[in-house]
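Asker: Could you look at this predicted model? Sequence included:
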Amino acid sequence: MIADEAELRKAVELARLIAREAERSARTIPLELILNRGARTRKAMRTRKRAGAMPPIVTVIIIVASVVAAALAAYFIYTTTARGVRQVSLTVIGQPTLYARQGGGVELRVTFKNDGTADVDLANSIISVQTKNKTVVQFTNATLATGSGDLKPLAPGDSVALVYTAANAKLDDFPDGAMATLQTTDGYQTSFAVAKP
């Protein structure tokens, strides 16, 4: 009989709990009656949401975009540096000298060295030399001073002795130390002084 009283007490407690919860109407809590243990509440299972987490496809897209952006930046830096590093730098070796040609005209003998990092084509280059009366005479038709072989692009570190001619000029038209400017077909320019013998 004591067991029946205990079961009756549990049932009454459970009924009271259900009535209180219904009056509050706040939330429904499922109750479970376990014999010989009393009333026990079973809370609804909470799901944990990952706050701030990204789906895997977004992560993959971000990684691919980062790799592409890094590759483009590296390519831009490489091409800019390569373009800036490959430059022509001609220096004049010795003293460029003007000579009177047999049969008329003047020739200019000059030796250039390429101290740059890119080839330079001197084949169709022009040297402009200032005269005593401040006019300019152009020396063209660059040939090798040795007189044999073809004029090839001047590689970095190499030097070449050239002869330029001006057919309608006279040696007396030029002062000693006259300023001269070399201009290549690709736009490179350098200036130097010329001497007379």
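Answerer: Cool, got the structure. Source: prediction; values computed, not measured.

Asker: Next up, the contacts around the residue lying closest to Asn168 once chain neighbours are set aside.
Answerer: In this structure, Asn168 finds its nearest non-sequential neighbour in Gly105, 6.9 Å apart by CB to CB, 6 or more residues apart in numbering. In short, each C-beta sits where N, CA and C put it, glycine included. Going by CB atoms under 8 Å, 6 or more residues apart in numbering, Gly105 touches 165-169.

Asker: What is the burial count for Leu90?
Answerer: Burial of Leu90 is recorded as 21 neighbouring residues (other CB atoms under 10 Å).

Asker: any idea how far Leu144 is from it?
Answerer: Distance of Leu90 to Leu144, computed by CB to CB, to the nearest Å: 16 Å.

Asker: follow-up on the earlier one: and the buried ones among the contacts of Gly105, selectable in PyMOL?
Answerer: To isolate the buried ones among the contacts of Gly105 in PyMOL, judged by 16 or more other CB atoms under 10 Å, type:
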select buried, resi 166+169
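
Asker: now the contacts of Gly105 in a markdown table, with distance to Thr79, pLDDT and secondary structure?
Answerer: Output for those, formatted as a markdown table (distance: CB to CB, whole Å; pLDDT from 0 to 100; DSSP: H, G, I helix; E, B strand; the rest coil):
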| residue | distance to Thr79 | pLDDT | secondary structure |
| --- | --- | --- | --- |
| Thr165 | 40 | 93 | strand |
| Ala166 | 41 | 93 | strand |
| Ala167 | 44 | 89 | coil |
| Asn168 | 46 | 88 | coil |
| Ala169 | 44 | 91 | coil |
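
Asker: Determine which two of the contacts of Gly105 are furthest apart.
Answerer: Pairwise distances across those peak at 10.2 Å for Thr165 and Asn168 (criterion: CB to CB).

Asker: coming back round to it: can you give me the pLDDT of the residue nearest to Asn168?
Answerer: Gly105 carries a pLDDT score of 92 in this model.

Asker: Likewise for Glu13?
Answerer: Here, the pLDDT recorded for Glu13 equals 78.

Asker: did I read that right, it in a helix?
Answerer: Yes. Assessed with DSSP: H, G, I helix; E, B strand; the rest coil, Glu13 lies in a helix.

Asker: Which strands or helices does the longest strand seen in the chain pack on?
Answerer: As assigned by DSSP state E, the longest strand anywhere in the chain is strand 90-100. Contact analysis of strand 90-100 by 3 or more CB pairs under 8 Å, 6 or more residues apart in numbering; DSSP states H and E lists strand 106-114, strand 178-183, strand 189-194 as its packing neighbours.
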